[in-house]
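[1] Generate coordinates for the sequence data below:
(chains A, B, C and D)
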There are 4 protein chains.
Amino acid sequence: MAKSKFEYVKQFETEDRLLPNCWIVVRIDGKSFHRFTDTHHFMKPNDERGLNLMTRAAQNVMEDFKDIVLAYGQSDEYSFVFHKSTNMYNRRGSKIMTNVVSLFSSSFVMLWPRYFSTQELQYAPAFDGRVVLYPTDQNLLDYLSWRQADCHINNLYNTCFWKLVQERGLSPAQAQERLKGTLSSDKNEILFSDFKINYNNLPELYRKGTILLRCKDSEPDATTTPTRTGRQMTLVGNHIHTKARPSTIVLHTDLIGAKFWEDHPEILGAKKP
Amino acid sequence: MAKSKFEYVKQFETEDRLLPNCWIVVRIDGKSFHRFTDTHHFMKPNDERGLNLMTRAAQNVMEDFKDIVLAYGQSDEYSFVFHKSTNMYNRRGSKIMTNVVSLFSSSFVMLWPRYFSTQELQYAPAFDGRVVLYPTDQNLLDYLSWRQADCHINNLYNTCFWKLVQERGLSPAQAQERLKGTLSSDKNEILFSDFKINYNNLPELYRKGTILLRCKDSEPDATTTPTRTGRQMTLVGNHIHTKARPSTIVLHTDLIGAKFWEDHPEILGAKKP
Amino acid sequence: MAKSKFEYVKQFETEDRLLPNCWIVVRIDGKSFHRFTDTHHFMKPNDERGLNLMTRAAQNVMEDFKDIVLAYGQSDEYSFVFHKSTNMYNRRGSKIMTNVVSLFSSSFVMLWPRYFSTQELQYAPAFDGRVVLYPTDQNLLDYLSWRQADCHINNLYNTCFWKLVQERGLSPAQAQERLKGTLSSDKNEILFSDFKINYNNLPELYRKGTILLRCKDSEPDATTTPTRTGRQMTLVGNHIHTKARPSTIVLHTDLIGAKFWEDHPEILGAKKP
Amino acid sequence: MAKSKFEYVKQFETEDRLLPNCWIVVRIDGKSFHRFTDTHHFMKPNDERGLNLMTRAAQNVMEDFKDIVLAYGQSDEYSFVFHKSTNMYNRRGSKIMTNVVSLFSSSFVMLWPRYFSTQELQYAPAFDGRVVLYPTDQNLLDYLSWRQADCHINNLYNTCFWKLVQERGLSPAQAQERLKGTLSSDKNEILFSDFKINYNNLPELYRKGTILLRCKDSEPDATTTPTRTGRQMTLVGNHIHTKARPSTIVLHTDLIGAKFWEDHPEILGAKKP
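    Presented below is the predicted three-dimensional model:
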C-alpha cells in the first residue's frame, strides 16, 4: 500500500492565486432556473419567496466569509464582493469560488421550507460560480451598476411580458413579438396605458434587486439590539433563528448613482476587514 | 440606465479552458468536517449513514453529468472523473467544478433526512472543489490509487485510535501518543492482540471506499430490471425514489491492482460517452 | 533604502507551471517578416540563406536546451519539442518560452553575417513565442503534421505565385486572382504546363521544411567523427565553427507518414533525456 | 495532405489575456550573466559599455512598443512598464513578453560592436522574461522602488567587494567573509576609511540605475531638435544612427522619493498613449 508511490500525482494540481490588491467578485447563477422555477410554480415575473430565499442563503455566505463587504442579488444570481485586501485561502480562486457556491447551494436547500413551507423541493438545484477581479474601485462600481442595470432591464421586460400573457391572454410567442424592438419608454407606456401600472411604483425589490451590507456597529459581544430605520432598510432579524442578532442589513436601493457610495463610505474605504 | 456603459466590465472575466484530451478530475472535500461530524454525532471511525449519504449525493451528480465515467469516495471527499474527451461547458474549469460542487452540496442537504431521519441538520455544510488534469490513463489510475491508499491508511489509523479511546478509555492525546511512529503491521497487531479484530475482515466500505460506475447495460427506456450479483456489488435501487431504476452501480473493491481495470475495460476504453 | 518595504510586490508574480507529463512545444514566429524579408532582399519564394540561418539559430537553441528532442522549421517559424518528462526551469512556461525565443533571436543576429556575408542587417528582427502542451504522442505527431502540411500548402501556393509574377510578369494582385479557388492539383498543373516544373522535384528543404534531431551516438567526449549517410541527411558540421563536431542532424523529409517515426523510435520512446 | 485533419491541435493553445486596467511590467534578466561577463572581460563592479549597451537595446524596445511609458534598468536586467490601458496584442501575456525579450536580445547582439568595438561576442547571450501585473499606481511605484533599492544594495556590496579583491588582494572568498553581516553603514565606512571613497560621489548610473522616458514634446514629424538640459539628463542622440532624433530620454536619478513623480506627472497621468 505504498502511498508514496502514487503521491507524485499531486504535482498535477495547479495553483491559481488571484492577483493581490484587486476586488474579488464571486458571482453565482442558477443552473437551468427556467425549468426550476416552472417545476416549483414560482410566481412570474417575480416570486418574493424565491427572492427572499436567495437573499437568506446569501446572508449565510456572508456570515461565514467575513471578508465579503457587499453582496448584490437579482433574479437567480448573487454577486459576492470580497475586500481587495482579503487573504482568504491564500487567495486561491478555485477554493474561494467553490466554497461560496457550495455554502450558498446547501443553504438554499436547507432554508427552502422556511420560504416555501409545505411545497416540497422536487430536485436538488445547482448554481454555477465564477470569480472575476476588478483592479479599481471604479471598475467594481461599474460591475455592480452593470448587474443592477441588468436587473432593471429584465424586470421591465418581464413585467410587460407577463402582464400581456397573464392579463391579455397573449401566448408567450405573441407577447415576445409584441415587445420586440420596444424601447424602455415604450414598455413604460404599455404598462401605464394598458394596465394602469406606474412602473416606478413597483417594489424596489423587483426594480433594484437586493444589496447586503454588514452592520457597521455590529460588535460580536454586544447585547443591545441596534435600531435601524429608513424606508429602504429591512431588518432581517425576524428571519434569523440561529443567531442572536443580525449581522447583515438588506437594502433595495439604487447603487448606480453616487449617493449610495457617499452614504456607505465604509464599503470601499474599509481597511482589511 | 445605459447598460452598455457598464458592459466593459465583462472583459475582466477570464477564460479557463482545460487542456483537451486529458482526464478531468473534480475532487470535492468537506469543509471543517471534523466539527460537522462532531455536531451531528457521527459514529467514529466510520458512520455508515454519512458515507451512504455522500455516495447518494455523488450519484445525483453522476445522474446529471453524463460525461462522468467513474467516481470514487472515502471519508468526506469524492472524486469525479470526466472522460478525457468531454466537451462539457466547453471544458471551462470554473464552470465544471462549481456545478459539481453545487449539485453535490444541495443533494447532500436534500437527501440528509433519508439517512439521518429525525436528526436535524444543524447548519448548512460546505464542500470545496478543485479540478485536476491527468494526461494519461496511468496518471489517472495512480491518482485513484493514491486516494484509495489514503483511505486505507487513514482507516487503519482511525480504527486503532477509536478502539483505544472507546474501549481502552485512553484520551485522544494518549491514543495519538500510543500510535505515534507505528507501522501498518504494528496497527494490525494492536487490533488483533488487543481487540481480537482482524482488520481485513472489516467492511470493504471502510477499507476500500466507494466506487461508482455507470451501468453498462442501462437503457433509458428499458423496462426490465437488470440483475446484478457478486460479493462487492450493491444495488442502490432500494435507495432511489425518484427514478425507476438505477443508472449507477456501487462497488467497494480494490482499484489499485490490475484486476479492477481488466474487469471494467469500458471505463478507460470508452469513446466519448 | 528599506528594500523589505517594497518586497511585497513580488507576491504579484504568478507561477505558471506547465502540466506534467505532456509534450511541451515552443513555437517561435518571425514578427512582420514580410517587411523584414523585403528590406533584406530575400529571394522569393524561398531564400536558402534565410532558411539555413533559421536552422542554424535553432541548432544553437538545441545545443543549450538538452531536453529538446526535435525541432521543426519552415518559413519564418520554428517549433521546439521538449520531452514530456522535462523538468527544465521547474516547467515554468514563461521561463521556458522566453529563454528559447531570446536565444534564438540573439543567435539569428549573431550568425547573420555567416549567411548574408556583406549584406548588413538593417534593423533588429523580433520573434514571438508561445508554448503549447500536447498530452499524447498522437497529439504531438498531429501537431508536427499540421506544421508540415502548412509548409507544403504555402510552398505550393508561393511557388506558383512567384512564377506568375517573376516569369509571366503578372502583378501580385493578378497572380493572386489567378490562383483564387485553385486546388493543389490545379497548381501542380500550372507549374507543369506553364513552367515545365514538376513540383515533386523541387528541393525537399522547400517542400518539407527542416527537422532537427539529436545525434543518437553523440558522446560529449568522443573524438571520432560519426559517419552519416542517406539522401535526406545533411551534415551541418561544415557550418559549425564553435564546436568540434555537430550534435544535431538536419533532415528534410516527410514526418506525416509512419515511416519517419519508425525510423526514429528514440524520439518518442526516449526516457527523460 | 489534409491540413484540416490536423488542425484540431490548435485547440490545445491557451489564451492568456492579462487582466485589464493593470500596469503591465515585463522584466528581462540576463541568463548566466556571471559567466557571460567573465567571458567578455566586463569591468567589475560596473562596466559602462555593458550598461550602455543594455540601455541602448532597451531604447530599441521602447521605439517599437509605443505603449511602454517607462523602462528601468540596472545590472543585467531591464523592466518595461506598459500603460495600464494598453491593448497591445489584445493583452496576450505570452505574445507581449516574448516580443519584448526577443527584440531586446536581437538588439543587444546587433548593437554589441558599437559598445565593445573589436572585442567579439563569443557566444549568443540569452535573457529570460516575465510579465507581472500591478493594479494600482502605488503598487507600480513600489515595484520600481524595489528594483532601485536592489540596485543600490547590490552596488554598495559589489563596490566594497571588488575594492577588497582588486586593491587589497583579498580572494573572493575572503572578501565575501569580510562583508558578511555588515550593514550599509559598515560598508560606507569601509569604502571611506580604507579606500577614501565617498559612496555618494560614485556615478549615479551605478547607484541609481537607468530610467528611460519618452520625450514629452516629441512629434513624429517635427524637424527642430528639442533642447534638453539638466544634470541628470543625457541625450542619447549621439548614439543613434538610424533615427533623425531621439524619442527617449535617459535619466540616472532617484525614483523612490516623491520628487521624480512630481516632476513627471505624465507617466502615470497619461491617458492611453
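[2] okay, CA-based contacts and neighbour counts for the rest of this
    Will do.
[3] Which element, helix or strand, includes the spatially most central residue of chain A?
    Centroid-nearest residue in chain A: A:G73, 1.9 Å away (criterion: CA atoms, centre = their mean). Following DSSP states H and E, one finds A:G73 within strand A:68-74.
[4] touching chain B at all, that strand?
    No - figure legend: strand A:68-74 not in contact with chain B (CA under 8 Å from any CA of the partner chain); closest approach 15.3 Å.
[5] is chain D contacted by the helix or strand following that strand?
    Note on strand A:68-74: by DSSP H and E, the next helix or strand toward the C-terminus is strand A:77-82. No - Strand A:77-82 is not in contact with chain D by CA under 8 Å from any CA; minimum separation 15.9 Å.
[6] give me the low-pLDDT residue ranges for chain A?
    Low-confidence segments of chain A (pLDDT under 70): A:1-3, A:217-246, A:270-273.
[7] As a check, name the ranges of all helices in it.
    A:3-6, A:33-39, A:48-64, A:93-116, A:137-166, A:172-179, A:184-195, A:204-208, A:258-263, A:265-269 (DSSP state H).
[8] what does the stretch 101-250 of chain A have sitting close to chain D?
    A:L133, A:P135, A:T136.
[9] any idea what sits nearest A:W261, other than its immediate chain neighbours?
    A:L255 (7.3 Å; CA to CA, 6 or more residues apart in numbering or on different chains).
[10] if we can go back for a sec, kindly reformat the helices of chain A as TSV containing distance to D:D67.
    Shown next, in TSV, are the helices of chain A (distance: least, CA to CA, whole Å):
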stretch	distance to D:D67
helix A:3-6	48
helix A:33-39	45
helix A:48-64	41
helix A:93-116	30
helix A:137-166	22
helix A:172-179	46
helix A:184-195	41
helix A:204-208	40
helix A:258-263	33
helix A:265-269	30
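[11] if you compare those, which one is most tucked away?
    helix A:93-116 (a mean of 24; mean count of other CA atoms under 10 Å in any protein chain shown).
[12] Next one: that helix, is it in contact with chain B?
    Yes - Helix A:93-116 is in contact with chain B by CA under 8 Å from any CA, via A:94-95, A:97-99, A:101-103, A:105-110.
[13] packing partners for that helix?
    Contacts defined by 3 or more CA pairs under 8 Å, 6 or more residues apart in numbering or on different chains; DSSP states H and E place helix A:93-116 against strand A:23-30, helix A:48-64, strand A:127-134, helix B:93-116, strand B:127-134.
[14] Turn these into CSV, columns for distance to D:Y206.
    Formatted as CSV, those follow (distance: least, CA to CA, whole Å):
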stretch, distance to D:Y206
strand A:23-30, 39
helix A:48-64, 53
strand A:127-134, 38
helix B:93-116, 48
strand B:127-134, 48
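[15] so which residue of chain A comes closest to chain D?
    A:P135 (5.1 Å; CA to the nearest CA).
[16] What does that residue show for phi and psi?
    Phi and psi for A:P135, reported as degrees, to the nearest 10, are phi -70, psi -30.
[17] count of neighbours near it?
    Around A:P135 there are 22 other residues, counting by other CA atoms under 10 Å in any protein chain shown.
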